[in-house]
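> missing the sequence, but the structure's below:
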Ligand code: BGC
């Protein structure tokens, strides 16, 4: 592996036990801080001297840019000098050449042949946006037949366009825990982008990961666990790109909250920097970078950098994140696009690894050419930017002469809209049901068996009467939705750029009406009152529909609301079988009424997309047995999330102009935080009920002998005989022959080149774990989501090694398998492959992934707390 050093690394103090890379926010003494700042400033000056041989003031730091635009106000902002260098600089940007695969290499050769013929003006034209039909449009180079490339949101389908589908949101897809559905989702989304002539889809999303319980955009992502999100990212990328549309993994990185997510937003008088997410090296890799690795491994052609700062450096000019983590450690060969208006500097962002600015020229355009001419940005760098863009275009085959013309427009109205919906409604309905999580079901309430008389309540059961005030954003734009806790209509998506715009919505009321009519029954309803005066005493059951809203631009103000809670309590006060359905953009607390004896069933119905009512009826009536599992933890009360509840407003006594948030919990987010602090959640991560029950047995763990030594297994692992006899399993590799043990070297093979997705050894399967899962019920067939959690051993204490064991969570998801459908009494094997990455930690000293020696605990079960089988791997 390449040695990753920089001038800064030689100067900076050693990495601390927490792995935080700089001492600005962890220094214990002022003296150390002062020394550090001096070193930082020296480092900056040296780097600057090396990089900016001739400086153009308009291409310098954001503060400088802003100051130069606000003449006479240069001194009104506090100095940012103390914050320089806290994110280790890493230069120069690696030049991509397509070495990851044959296909990419071909694309690069072709791209390089084109960029070698281009003038500086043409090269820069590929690196910037222009107004046009799409959310983002690059410049064209007509003489070389290179069109303007069209970027569109995302991530749950084409936003704001006619005759396009509204897919379930990412969080809903994650709740299916089904890699095949995730891939099919990506395929369907990709097909619709292709049909509309969109080259670059602005999704999928794993940043935010969901560190902050009230995070406004958690719903666009794939749950609060990096492994689950990683599987989703990989599958969606594969699906989208399977149609020749480039996928954009976003937002890189640490955009974990909306409050002060960008320069000026939420700041007094609109002035003040974005929040800085200060995170240590280990949590950075093992939690936040992790899902992006999967996206890259799957071939993602683009990555979008975030608005926020990371360790005090803006994500779109953060050389540590872009040049080092993304383009060196992970060998990224696509291009980095800024979040919209997220570029904060000219030369600095170019040299830090940004390749495309959107939606306009930002600090580039002609100034980028000036920077190349005066040496502030190397010509090679500009060429690399354009080559990366072109290579993604060529790798996707978008030059084949058959790529459809752009058929989108802001506001969605093009003269002849192409219908791209295909039969995706079926898949949407399917995912809608598969991602619905049953969290309570007593007194045989569900599934319904042709009830004659249903009563329905709640604002969430019907469609909103006027959701199209902003045609681009179903339900309303940022102008009106800020501060909403609920949505006054059935909630199928969240708000903001990730909002989908459905061709139609099947509301719960519509779908239930159809079903009740078919069954010859009757319905009564009140969708308005908090305490409906009519009590339909013959109704059985009563369904109450409530929701929890979230949107880009603001974090949630609460995880529940009193109107909805009162509504549930009022209905439950007289209706002995009250079913609560919650459409929610993330965590929704239920403790106000969950133990009420008349609340006999509760469904977390997520953000299911356009087929909402149909998906729900499939579950309510048992046409589909629920198998959704929570992709986050539902606590008993807000305070149980501790400092992970609210977005940060900055450190106490910190400078409000430079707000910062120290990720002191390291890897302990969501269930890991609850496990570590022994807090009993209401419903844990991975939890969900079925109409049947499942038993687990016959745990088996086997070593894959060929790992790390050759690309093909010498002997394929064999399945244990069925039925096997072992209840629990242990594999002790310390007793193996030396030849096999050598294959478990602590570090990946240093002689192998890094390719996109990271060191290839990280993806090799070292162990296969299997167990049998059987439907132990009598009546219903169904799926079980078997989950594997791993307890990585603590660091062995060595002299001088003060790595903090506390940093390793008690258990972490490292595999899942949606098994089924299994008929009553039927069993099947659940199989989990553990790769080197799954078993490794990021070694802060070695700056590499490292296998730990010791005893790994293996648990397989039905949730992060319902662990049925356990075993051990000793390395
Ligand atoms: C969002 C991105 C989005 C872009 C374009 C930004 O505000 O953060 O996720 O892709 O807008 O709409």
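Received the coordinates, thanks. Model, not experiment: these values are computed from the prediction.
> For the rest of this, base every contact and every neighbour count on C-alpha atoms.
Will do.
> Indicate the residue of the stretch 451-600 of the chain located nearest to the ligand.
Closest residue of the stretch 451-600 of the chain to the ligand, CA to the nearest ligand atom: residue 497 (4.9 Å).
> how many neighbours does that residue have?
Neighbourhood size, residue 497 [other CA atoms under 10 Å]: 23.
> One more: residue 515?
Neighbours around residue 515, by other CA under 10 Å: 17.
> any idea whether it is helix, strand or coil?
Following DSSP: H, G, I helix; E, B strand; the rest coil, the label given to residue 515 is helix.
> quick one: secondary structure of the nearest residue to residue 399 once chain neighbours are set aside?
Of all residues not flanking residue 399 in the chain, residue 393 sits nearest, at 7.1 Å (CA to CA, 6 or more residues apart in numbering). The assignment at residue 393 comes out as helix when based on three-state DSSP.
> Which residue ranges of the stretch 751-875 of the chain form strands?
765-775, 782-791, 812-822, 827-835, 840-843, 848-851, 855-861, 867-874 (DSSP state E, counting those that start in this stretch).
> quick revisit: right, and the residue of the stretch 451-600 of the chain closest to the ligand touches residue 157 too?
No - in terms of CA atoms under 8 Å, residue 497 does not count as a neighbour of residue 157; the distance is 10.9 Å.
> how close does the residue nearest to residue 734 when sequence neighbours are not counted get to the ligand?
Distances taken as CA to CA, 6+ apart place residue 875 nearest to residue 734, at 5.9 Å, with adjacent residues excluded. Per CA to the nearest ligand atom, to the nearest Å, residue 875 is found 42 Å from the ligand.
> Also residue 703?
42 Å.
> Please name the nearest non-neighbouring residue to that residue.
Using CA to CA, 6+ apart, the nearest residue to residue 703 is residue 767, at 4.5 Å.
> quick revisit: can you pull the pLDDT of the residue of the stretch 451-600 of the chain closest to the ligand?
We have a pLDDT of 96 for residue 497.
> Now for the residue nearest to residue 399: which residues touch it?
199, 246, 399 (CA atoms under 8 Å, 6 or more residues apart in numbering).
> thought the first one was touching residue 245?
Yes - counting by CA under 8 Å, residue 199 sits close enough to residue 245 to count as a contact (5.3 Å).
> And these two? Which one has more around it.
residue 245 (31 against 27).
> can I assume that one is in contact with residue 198?
Yes - at 7.2 Å, residue 245 counts as touching residue 198 under the criterion of CA under 8 Å.
> What's the separation between the closest residue to the ligand within the stretch 601-750 of the chain and residue 371?
Residue of the stretch 601-750 of the chain nearest the ligand, by CA to the nearest ligand atom: residue 647 (16.7 Å). Distance of residue 647 to residue 371, given as CA to CA, to the nearest Å: 38 Å.
> thinking again about what came up before, can you tell me, leaving aside adjacent residues, what's nearest to the residue of the stretch 601-750 of the chain closest to the ligand?
Closest to residue 647 by CA to CA, 6+ apart is residue 257, at 5.7 Å.
> For my notes, confirm that neighbour occurs in a strand.
No - if the criterion is three-state DSSP, then residue 257 is coil and not within a strand.
> So what's the residue count around it?
30.
> Equivalent analysis for the one 4 residues further on, please.
Neighbour count of residue 261, defined by other CA under 10 Å: 23.
> Quick check: which element contains it?
According to DSSP states H and E, residue 261 maps onto no helix or strand at all.
> quick one: it from residue 367, how far?
Taking CA to CA, one finds residue 261 at 27 Å from residue 367.
> Next: residue 836.
45 Å.
> Next up, the contacts around residue 547.
Residue 547 neighbours (CA under 8 Å, 6+ apart): 460, 486-487, 490-491, 564, 582-584.
> what's the answer for residue 823, then?
775, 780-782.
> if we take these, which one ends up nearest to residue 317?
Comparing these against residue 317 with CA to CA picks out residue 782 as the nearest, at 48.8 Å.
> For that closest one, list each beta-bridge partner.
residue 822 (DSSP bridges).
> Next, count neighbours for it.
If we define neighbours as other CA under 10 Å, then residue 782 has 23 of them.
> list the contacts for it?
Here residue 782 is in contact with 624-627, 690-692, 775, 820-823 (CA under 8 Å, 6+ apart).
> Return the member of the residues you listed nearest to residue 673.
residue 627 (25.0 Å).
> Tell me who's in contact with that closest one.
176, 434-438, 688-690, 782-785.
> 6 Å - rerun?
690, 783 (CA atoms under 6 Å, 6 or more residues apart in numbering).
> Give me the phi and psi for it.
Residue 627 has phi and psi values of phi -140, psi 10 when expressed as degrees, to the nearest 10.
> any idea how far it lies from residue 762?
Where residue 762 is concerned, residue 627 sits at a distance of 31 Å (CA to CA).
> The closest residue to residue 632 other than its chain neighbours: neighbouring residues, count only.
Closest residue to residue 632 apart from its sequence neighbours, by CA to CA, 6+ apart: residue 685 at 4.8 Å. By the criterion of other CA under 10 Å, residue 685 has 24 neighbours.
> before we move on, the earlier item: same list (the contacts of residue 393) but as TSV, adding distance to residue 654 and secondary structure.
Below are the contacts of residue 393 laid out as TSV (distance: CA to CA, whole Å; DSSP: H, G, I helix; E, B strand; the rest coil):
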residue	distance to residue 654	secondary structure
199	43	coil
246	41	strand
399	51	coil
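> Tabulate the residues you listed (JSON lines), appending distance to the ligand and pLDDT.
Converted to JSON lines, the contacts of residue 393 look like this (distance: CA to the nearest ligand atom, whole Å; pLDDT from 0 to 100):
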{"residue": "199", "distance to the ligand": "14", "pLDDT": "98"}
{"residue": "246", "distance to the ligand": "14", "pLDDT": "98"}
{"residue": "399", "distance to the ligand": "24", "pLDDT": "98"}
